[in-house]
Structure formats: structure tokens, C-alpha cells
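Asker: Quick one, structure for this:
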Amino acid sequence: MPRGYPINREEALAKRSKSLRLYREATKIDPIIRFWQMVSLSENGCWTWKGGISNGYAHFWLDGKTVKAYHFSLEYFRGIIIPMELQPDHLCRNKACVNPWHLEIVTPQENVRRALPNNQDLKTHCPRGHPYDQENTYHRPDRPQRNCKICKREANKRWLEKQTVSLGTTQ
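Answerer: As a prediction, the model looks like this:
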């Protein structure tokens, strides 16, 4: 066998991975340049992410791992490092937005509280088709949730019938 050729599979893989590593380091693009290549500026001020999206949120490859693009944006442009117990809230309600000035650091509870009313307010009828109006809507005092009074009455009636039937059969 000619000189310089690897003797076994492990040596061949090690040589290949070393040359790949050297190639990647030589052709590495500055992360901020790659970031801007993935951003589209919108008229409303959003920096809409054109790259990887998971569950509507922007992801970015950085230093050999996937990071949330809006975390990178907050860190790079505003110098904000997000503590583990907090999370960014998209004030613009666009999950693909990576504009750091459209993000506010809040608790998970506050983030959910802000999101639910927006989603719920869009619904004009309950899943069974009854209107969410003044007379038919019950707002829960313990959480940001509303219920259809007609559906609740029907559910209570079914439960009561079930209870009386089960009580009647045991006697």
C-alpha cells in the first residue's frame, strides 16, 4: 500500500473528519452575516425570519448547535442574556420576528397570560357553535378563560342524569 494511506477504518475516519473540520473553519461565515441573510424586513418593523422555523419560532445554527434566533438577536443587538427562569414575549405577536425591540423578557406565566386573551378574543363562538356574547359567556375569575353557559348547563345536566342513573342502579 502506498505511503500516507490509512491502515484501518478509524484512521481513515479521523483523517476525513480533520480535513472536514479544517474546511469548515476556513469557509466559516461570520454569524451576524448569516443572521442578516435569513432576515426579511417588514413594513410593520418586524424582522421576519426566513431560515429554520420550529413551531413558528426562528432557529439559527451557531457554534455547532441550534439556538433560538431571537435569543441571538437579543444578545447581539441589545446585550440582553435571558435568565433561565424568564422568556422573551413577542410584543408584535409574530413568532417568526427576531427584532430585539419587539421582544420583552417576562415570566412564563406572564407570557401565557398575554397570549391567551389574544387567541380567545378572536373566537366569536364556542366549539359547539353557541355565541360568545354578554348573556352566554362566563369569565373564570381564577384564570384568563371564558366558558359557554349553554354548554356548561348541558354538561351539568348530563352529569346529573348520569349520577341519578348510577345511584338508581345500586339500590
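Asker: All the helices of this structure, residue numbers only.
Answerer: Taking DSSP state H to define them, one finds helices in the chain at 9-26, 31-37, 69-73, 108-121, 149-170.
Asker: Remind me what the last one packs against, helices and strands.
Answerer: Under the contact criterion of 3 or more CB pairs under 8 Å, 6 or more residues apart in numbering; DSSP states H and E, helix 149-170 touches strand 137-139. C-beta here means a position set from N, CA and C on the backbone, and glycine is covered the same way.
Asker: cool, and the second one?
Answerer: Here helix 31-37 is seen to pack against strand 57-62, helix 69-73 when contacts are counted using 3+ CB pairs under 8 Å, 6+ apart.
Asker: With mean pLDDT as added columns, please give the ones you listed in TSV.
Answerer: Formatted as TSV, those follow (pLDDT from 0 to 100):
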stretch	mean pLDDT
strand 57-62	89
helix 69-73	94
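Asker: re the thing from before, of the helices of the chain, flag the one that's most buried.
Answerer: helix 69-73 (a mean of 23; mean count of other CB atoms under 10 Å).
Asker: Just the residues contacting that helix, thanks.
Answerer: Helix 69-73 has contacts (CB atoms under 8 Å, 6 or more residues apart in numbering) with 31, 35, 38, 47, 49, 51, 57-60, 62, 82, 88, 90, 97-100, 103.
Asker: again, 10 Å this time
Answerer: 31-32, 35, 38-39, 47, 49, 51-53, 57-62, 80-82, 87-88, 90, 95-103 (CB atoms under 10 Å, 6 or more residues apart in numbering).
Asker: What is the neighbour count of the closest residue to N55 other than its chain neighbours?
Answerer: Excluding its sequence neighbours, the residue lying closest to N55 (CB to CB, 6 or more residues apart in numbering) is K95, at 7.7 Å. For K95, the count of nearby residues is 13 (other CB atoms under 10 Å).
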